[in-house]
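> Sequence and computational prediction follow.
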Amino acid sequence: MAYNEFAYIYDRFMHADIDYRKWCDYIENIFAMNGCDPDSVCELACGTGNITSIMERRGYKMCGVDISADMIEVARRKLRRTELICQNMASFVPDKKYDAFLCMIDGINYVIAPKSVFEVFSNVRKSLNDDGIFIFDVSSRYKLKNIIGDETFIHSERDIFYSWQNRYIERYNISDMYLNFFVEQGDMYERFEERHLQRAYSERELRALLKEAGFSNIRVYDELSFDAPTKKSERLVFVCK
């Protein structure tokens, strides 16, 4: 999965589902609750820069990392001062340290191999300044298995139609997503396809990998709250120091 053609219509769909300002408010509340006042912040899997751009405007010295050159290209149009790096975050080793790392809106779900997740966590831990903080979220196993599951979703507008077919492979806890787009281009529609894989990690698995990477203070919350997650939580937020 590299978000190729989809990068250029990504924001249109994501802004309908994700309140990025609310997420940035939440991130800043996490900073305050943990006595953090970060100056430099690195966002892994930054995508088209929706969170990065808001944080930049709020005065943080941002760096954005994403594996998709197309996503980075879209992000460049929004960001004035942020350093943008096109690289797989599992192999990203910064040449400097940061006060905070973010990986929001399913970034970790797209890292399929637990070994690679450990590499992300380990590199982040080594690249945090003293008293630095790492915040990330994941779509929960409950969501990927029971909400998205084997469902097919259809979306139709005047100039865009897409189908989103899903298959949950329980043996590997993998959600296999196939998207088929038709986008109006003048008098015709252009068709393109995307296949995305996400792994449904449990809280227990991620805690173990974080501890192995050197994090000792790990808190987990329900989406956009400071409540403990439940068995039916659809998104888990990890706060690690």
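Yes, it's here.

> check contacts around the residue positioned nearest the centre of the chain.
Closest residue to the average C-alpha location of the chain: residue 107 at 2.9 Å, with C-alpha atoms, centre = their mean. Residue 107 makes contacts with 44-45, 89, 136, as judged by C-beta atoms under 8 Å, 6 or more residues apart in numbering. In short, each C-beta sits where N, CA and C put it, glycine included.

> Please identify which two of those residues are farthest apart in space.
Taking C-beta to C-beta, the two most distant members of the contacts of residue 107 are 89 and 136; they sit 10.6 Å apart.

> okay, and the common contacts of those two?
Counting by C-beta under 8 Å, 6+ apart, the common neighbours of residue 89 and residue 136 are 44, 103, 107.

> for this structure, what are the low-confidence residue spans?
Applying pLDDT under 70 to the chain flags residues 1-16.

> Quick check: the gap between the residue lying farthest from the centre of it and residue 117.
If you look at how far each residue of the chain sits from its centre, by C-alpha atoms, centre = their mean, the farthest one is residue 187, at 35.3 Å. In this view, residue 187 and residue 117 are 46 Å apart by C-beta to C-beta, to the nearest Å.

> Next: residue 40.
In terms of C-beta to C-beta, residue 40 sits 23 Å off from residue 117.

> In terms of neighbours, single out the busier of the two.
Higher neighbour count among residue 40 and residue 117: residue 117, with 22 against 17, using other C-beta atoms under 10 Å.

> how would you label the more buried one: helix, strand or coil?
helix (DSSP: H, G, I helix; E, B strand; the rest coil).

> which residues in this protein form helices?
10-17, 20-33, 50-57, 69-76, 114-126, 141-142, 203-213 (DSSP state H).

> of all the contacts of residue 107, which comes closest to residue 223?
For those, the nearest to residue 223 is residue 136 (12.6 Å; C-beta to C-beta).
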